[in-house]
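> Sequence first, predicted model second:
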Amino acid sequence: MAGLKNLKKRRRIQLIAFLGTALVVGFTTIYLLLPKAAFQYFRSPSEVSEQPPSEGEVFRIGGLVEEGSLLRGQGSTISFKVTDTKTSVPVSYTGVLPDLFAEGQGMVGTGSMENGTFVATEILAKHDETYMPKEVVDALKDQGVYVDPTAKN
């Protein structure tokens, strides 16, 4: 009977060790196979100015499109500033902007910093008059300037 108990205990330990190893191998494989774009970090304009990212580091920046900063250049290049009402960061984007993109509205851009300008490869805009990306809302709340658009005056 004692031999059977030891056998069950050994099998249980082997099973736990096998499952643990399988989990580690599985998570490591998934991490290595996922594209690096899946691990983009969101930053507010204040965070970008306080701790500048390295050249070429891909990240997301979000805030409000600063009033009066939208400049349409030659061709499809657009430049503007994104702000969290504390700090502004210049943004350059080549492409077609979303239909709902406008000054004073929330946006999130994906790209990297080049010579002090955020060069966006993708721009996302608000969905309707009350929507703002969660990251932008959180950054504005941290600054103490967020106003809930659905609140009654």
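That came through fine. Please read these numbers as outputs of a predicted model, since none were measured by experiment.
> C-alpha only now, for contacts and for neighbours.
Fine.
> Now find how far off-centre the longest helix along the chain is within its chain.
Determined from DSSP state H, the single longest helix within the chain is helix 2-33. Mean C-alpha position of helix 2-33 versus that of the full chain (C-alpha atoms, centre = their mean, to the nearest Å) differs by 36 Å.
> Same question for stretch 93-100.
In terms of C-alpha atoms, centre = their mean, the gap separating the centre of stretch 93-100 from the centre of its chain is 18 Å.
> Buried by neighbour count: which residues of it qualify?
With burial defined by 16 or more other C-alpha atoms under 10 Å, the residues of stretch 93-100 counted as buried are 93-94, 97.
> Just the buried residues of the longest helix of the chain, please?
Under the neighbour-count criterion of 16+ other C-alpha under 10 Å, helix 2-33 has nothing buried.
> Next: stretch 70-87.
Residues of stretch 70-87 classed as buried: 70, 78-85, 87 (neighbour count, 16+ other C-alpha under 10 Å).
> What is the most widely separated pair among these?
Taking C-alpha to C-alpha, the two most distant members of the buried residues of stretch 70-87 are Ile78 and Thr85; they sit 21.0 Å apart.
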